[in-house]
Structure formats: structure tokens, C-alpha cells
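[1] next comes the sequence, and after it the predicted model I'd like to discuss.
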Amino acid sequence: MVFRARQFEFVFPRPTAVMGVVNVTPDSFSDGGEFLDADAAVARALKLVAQGAEILDLGGESTRPGAEPVSAAEELRRVLPVIERLAGRVNVPISIDTMKPAVARAALAAGASIVNDVAANREDALMWQVVAEFKAGYVCMHARGTPKIMQENPVYSDVVREVAGFFQERLGRLTASGVSADQVVLDVGIGFGKTAEHNLQLLANLRSFTTMARPLLIGVSRKSFIGKLLGADLKERLPASLACACLAVESGAQMVRAHDVAETAQAVRMTEAVLARKRK
């Protein structure tokens, strides 16, 4: 299985790829305001690469539950200087975490290689046409509604089956828009229009999504469902985040999105070492 993102290529099976998060925002739930300054964001990104991040995920608009949207112009003002400065300094793909085709296009033109689309539930094909034009990688994430309203009483009859059906339908639409399957990564969207119970069901059944012949990306880092289940404050959620990451790797996930890259990389490498012996 191959994942291609412009000039970058990941051939699986291989060690789990850790995607490091850099939020260039004032209001992201985990690190809002810490890296809003371009210098701080660039320094953070370089540190994450040194710690083992094989992908950098930059976002200029918060997608936390209840977040207010920002304009494309403001989003670009935040992320473009960072992308432009990183593109010539790192040899890992830069992912732009955006819902806006205009932002994706400008970010790709500036040197990004992946579009991380939390609005893959869109009906308009413009984003996919941009991805096809640049031959960029594409993270197809499942969500219900928009970040502002997604946690308002999400209901599923069978969350695992419904997310799987969404992926099958989206893969068909992506192909019809000119995006080849080897450009696509799947993300079940932990915390995006799901209750804590829905998140647990998805994490417990991740292996069912590995039959689609596409890499599976899991993002659980510091998310609020951990706090709801365990009573852990934001800064106390690393152990649970690592537990989820390791379980995801054991279930067949190929990529893990994380704020704490060094700790996550160490945890998944140990998980892989144990699993390698288990299979012998």
C-alpha cells in the first residue's frame, strides 16, 4: 500500500508515521495562542521534526467543538508565512489543516503537500479538484456537521458501520473528482460529531477500517472525551492519549496525529517492537 503526497511517498508496511501538530491559532483547545507568532510556529515545527515527526500538520483555524470560523484571508495570514519558511527547511511533508479550498490552494502553492480536511463530508467537489490538480495527499476525515455545532447531540444507529459507509462513498467521489486512491488517508474523526461512547466504539473497532486498502490516521491527542471519561484536565491527558495511540497501532493504524511527538514516537516504537516479536 502506497500513500503519495506530491513528491513524498510512504510505502506500507513501515513504522507508524507520527504527524506533529502546530496550531497557528489563538483559540485551539490544546495549544491556542502558543504558536500564533510565525517565529514561534516555525521553531515548534522544527522541534517536532527533530523529535520524530514525519509529517507536520499546520492549522490556522480552530476546529474544536463550538469554534467560530475565521475568514480565508485571516487563515492565510496565519499559516502562509510559516509554510513558506518551513518548505525549504524540512524534508517532511507539510499538511494544511483547512476546510477552505482557497486556503488549501494557496498553502499547496506555498509548499504544502497534504490537505487535512475535517470537512470531507462536503458536497461541493472544489476541494477535491484542488487536491487533484496539485497531486496532493488528502486526509479524508469523518465528521458530523461543522465544528461549531458538531457536538450538539450526535446520534448514530451504528457508528462503526456508518463511518465505514462514509469512507466507501467518499472514495468513490474522490476518484470521480480526479483524486487517485493512493493520495488518500482515512481518519475516523475521533471527537468530531461523536459522543465519548462513539469514540470508544470506533477505537475498539479500528481494524474493521483497515480492509479498505488505505492508510488509517488516528487523532486522539489530548481530546476532550478523555477528560469526560477520566476526569483528566487538558494538561493531564498525555497517558491516555498514548494508550489510545498504542492501541490504534496494534489495530493496524499507520499514522498517529499528536501534539506530544517525542512521547508518542517512543510509545508507538515500543508497541511495534513488541508486536514484531508477537508475530514470530
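    Cool, the structure landed.
[2] and the strands in the stretch 151-280 of the chain, which stretches?
    Assigned by DSSP state E, counting those that start in this stretch, the strands in the stretch 151-280 of the chain fall at 184-187, 216-219, 255-258.
[3] tabulate the CA atom coordinates of the last one in CSV.
    Same thing as strand 255-258. Taking Å, rounded to 0.1, in the frame of the first residue of the first chain, the C-alpha atoms of strand 255-258 are listed here in CSV:
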residue,chain,number,x,y,z
MET,A,255,-0.4,7.2,11.2
VAL,A,256,-0.9,9.0,14.5
ARG,A,257,-1.6,12.7,14.9
ALA,A,258,-0.1,14.1,18.1
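[4] out of the strands of the stretch 151-280 of the chain, nearest to Lys47?
    strand 255-258 (13.2 Å; Cβ to Cβ). C-beta: built from backbone N, CA, C; applies to glycine.
[5] mind listing the strands the closest one pairs with, and their directions?
    Here strand 255-258 has these sheet partners by DSSP bridges: strand 17-23 (parallel), strand 216-219 (parallel).
[6] mind putting these in a markdown table, distance to Leu56 included?
    Conversion of those to a markdown table gives the following (distance: least, Cβ to Cβ, whole Å):
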| stretch | distance to Leu56 |
| --- | --- |
| strand 17-23 | 6 |
| strand 216-219 | 14 |
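[7] need the winner for burial among the ones you listed.
    Of these, the one with the most neighbours on average (mean count of other Cβ atoms under 10 Å) is strand 17-23, at a mean of 27.
[8] what are the contacting residues of that one?
    Strand 17-23 is contacted from outside by 10, 30-32, 34-35, 41, 44-45, 48-49, 51-59, 62, 82, 95, 217, 219, 221, 254-259, 261, 264-265, 268, using Cβ atoms under 8 Å, 6 or more residues apart in numbering.
[9] tell me how far that strand lies from the chain's centre.
    Centroid separation for strand 17-23 versus its chain: 8 Å, with Cα atoms, centre = their mean, to the nearest Å.
[10] and stretch 271-280, by the same measure?
    Worked out by Cα atoms, centre = their mean, stretch 271-280 lies 26 Å from the chain centre.
[11] show me the contact partners of it.
    15-16, 246, 249-250.
[12] before we move on, the earlier item: how about a markdown table for the strands of the stretch 151-280 of the chain, with distance to Cys140 and mean pLDDT added?
    Formatted as a markdown table, those follow (distance: least, Cβ to Cβ, whole Å; pLDDT from 0 to 100):
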| stretch | distance to Cys140 | mean pLDDT |
| --- | --- | --- |
| strand 184-187 | 6 | 98 |
| strand 216-219 | 9 | 97 |
| strand 255-258 | 13 | 97 |
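[13] could those go into a markdown table alongside distance to Leu230?
    A markdown table is the format used below for the strands of the stretch 151-280 of the chain (distance: least, Cβ to Cβ, whole Å):
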| stretch | distance to Leu230 |
| --- | --- |
| strand 184-187 | 23 |
| strand 216-219 | 18 |
| strand 255-258 | 18 |
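[14] quick one: closest of the ones you listed to Leu203.
    Set against Leu203 and scored by Cβ to Cβ, the strands of the stretch 151-280 of the chain come closest in strand 216-219, at 7.9 Å.
[15] can you get me a residue count around Gly88?
    8 (other Cβ atoms under 10 Å).
[16] no, scratch that, I was asking about Thr271
    Neighbour count for Thr271, taken as other Cβ under 10 Å: 18.
[17] count of neighbours near the residue nearest to Met99 when sequence neighbours are not counted?
    Among residues not flanking Met99 along the chain, Ala119 sits closest, at 3.9 Å (Cβ to Cβ, 6 or more residues apart in numbering). Ala119 has 18 neighbours, counted by other Cβ under 10 Å.
[18] where's Ala119 relative to Arg89, distance?
    Going from Ala119 to Arg89 by Cβ to Cβ, to the nearest Å gives 29 Å.
[19] could you do Glu250 as well?
    For Glu250, the distance to Arg89 - Cβ to Cβ - is 34 Å.
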